[in-house]
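Asks: How does the following fold in three dimensions:
(chains A, B, C and D)
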There are 2 protein chains.
Amino acid sequence: MTDELMTIRQMCDAFEVTARTLRFYESKELISPLRDGQRRLYGRRDRARLKLILRGKRFGFSLEEIRQMLDLYDLDDGQETQFRRTCELARERLAVMERQRLELDDAIAELRGQISWGERKLADFDKRKPAAE
Amino acid sequence: MTDELMTIRQMCDAFEVTARTLRFYESKELISPLRDGQRRLYGRRDRARLKLILRGKRFGFSLEEIRQMLDLYDLDDGQETQFRRTCELARERLAVMERQRLELDDAIAELRGQISWGERKLADFDKRKPAAE
DNA sequence: CGTTACGTTTACGTAAACGTCAGCGGGCCT
DNA sequence: AGGCCCGCTGACGTTTACGTAAACGTAACG
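Replies: Numbering: from 1, shown residues only, chains lettered A, B, ... in the order given. This next block holds a predicted model:
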């Protein structure tokens, strides 16, 4: 119904996080929901940011790093120097991620090799005692 | 000279880790250097394992997960059940890594988009004040 | 009016992965 | 013999990213 503003519980269900996590992110200034008195109300902007936060986390970025990246999305718009700095940060981050991609590919290949070696070994086991039933 | 056996200091220099880290990994049974009395001596096997440990860490695997992966490389060779279990673990790990790869590609694409958007914005800045010197 | 559900703040707890520090011994140089 | 560096072993401190619990507010339900 109110898909514009969501309660904390709705957010938890939608993103599979705990309320504690949302409050924690807020305390770290990663999101800043509106208030209805005391109660938090999360809008589209908060949902977009949370989505990015969760993805960032999956790559092992720290919340602090994520916070800096998020600043890309809403800058003072006029602070050119700050803007350039933020772009710079993003490019560095991109370089890190691309390097990680290479290493990940490498590691995947290696692990694949180990597994197929293991499977040949298992085939040997099966040959040595062919009939179990 | 002795490229077969290395002291802890040589290892630190070679891999850019602290001695504390090496001892810590040992306490977690990730590596098991020889001893000359009290002193640790690291061989080729230890270096290979350390290399894998450091790579694993870069992907966000925990030391405990890494330890399990390392067990692929030296299994009891005879404990078939244990062997199957380990292979199983490796396949799960591989699936995780492949999923990570997809997400990483996704994030890289998105970050690239943000950056090029930012660069267009910067071009606008330059146009509005074309001559600085 | 009691209780049930949801929300809030504040505060302490925890696991991982080390850093840092203290205290000790051994070897080597002079 | 004195000093110095290397290494060893605890033991405690630190950071990150939350979990967990206590204590309270409020709003609806029966």
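Asks: does chain B sit close to the longest helix along chain A?
Replies: Counting by DSSP state H, the longest helix found in chain A is helix A:80-128. Yes - using Cβ under 8 Å from any Cβ of the partner chain, helix A:80-128 reaches chain B at A:80, A:83-84, A:86-87, A:90-91, A:93-94, A:97-98, A:100-101, A:103-108, A:111-112, A:114-115, A:118-119, A:121-122, A:125. In this view, the C-beta of every residue, glycine as well, is placed from N, C-alpha and C.
Asks: Just the angle for that helix relative to helix B:80-128, thanks.
Replies: Put simply, helix A:80-128 runs at 160 degrees to helix B:80-128, going by axes from the mean of the first three to the mean of the last three Cα atoms, to 10 degrees.
Asks: Please see if the least confident helix or strand in chain A by mean pLDDT touches DNA strand D.
Replies: When the helices and strands of chain A are scored by mean pLDDT, DSSP states H and E, helix A:80-128 comes last with a mean of 82. No - judged by Cβ under 7 Å from any atom of the strand, helix A:80-128 and DNA strand D are separated, with a smallest distance of 14.4 Å.
Asks: Give me the helices and strands touching that helix, please.
Replies: For helix A:80-128, the elements it packs on are helix A:63-70, helix B:44-58, helix B:80-128, judged by 3 or more Cβ pairs under 8 Å, 6 or more residues apart in numbering or on different chains; DSSP states H and E.
Asks: for the first one, packing partners?
Replies: Counting contacts by 3+ Cβ pairs under 8 Å, 6+ apart, helix A:63-70 packs against helix A:44-58, helix A:80-128.
Asks: and the angle from the longest one to helix B:63-70?
Replies: Here helix A:80-128 points in a direction 40 degrees away from that of helix B:63-70 (the same axes, to 10 degrees).
Asks: Give me the distance from helix A:80-128 to the chain's centre.
Replies: Here helix A:80-128 is found 16 Å from its chain centre; the criterion is Cα atoms, centre = their mean, to the nearest Å.
Asks: So for the spatially most central residue of chain A, what's the nearest residue that isn't a sequence neighbour?
Replies: Among the residues of chain A, the one closest to the centroid is A:R55, at 2.0 Å (Cα atoms, centre = their mean). Computed as Cβ to Cβ, 6 or more residues apart in numbering or on different chains, the closest residue to A:R55 that is not its neighbour in sequence is B:A107, at 5.9 Å.
Asks: Kindly report the same for A:R40.
Replies: Here the residue nearest A:R40, using Cβ to Cβ, 6+ apart, is A:P33, at 4.2 Å.
Asks: residues contacting the one you found?
Replies: Taking Cβ atoms under 8 Å, 6 or more residues apart in numbering or on different chains as the criterion, A:P33 is in contact with A:26, A:40-43, A:46.
Asks: Now rank those by neighbours and give me the top one.
Replies: A:Y42 (24 neighbours; other Cβ atoms under 10 Å in any protein chain shown).
Asks: Was I right to think that one contacts A:C12?
Replies: No - applying Cβ atoms under 8 Å, one finds A:Y42 not in contact with A:C12, separated by 10.3 Å.
Asks: what residues do these two have in common as contacts?
Replies: A:L22.
Asks: Quick one: residues contacting A:L111.
Replies: Applying Cβ under 8 Å, 6+ apart to A:L111 gives the contacts B:69, B:90, B:93-94, B:97.
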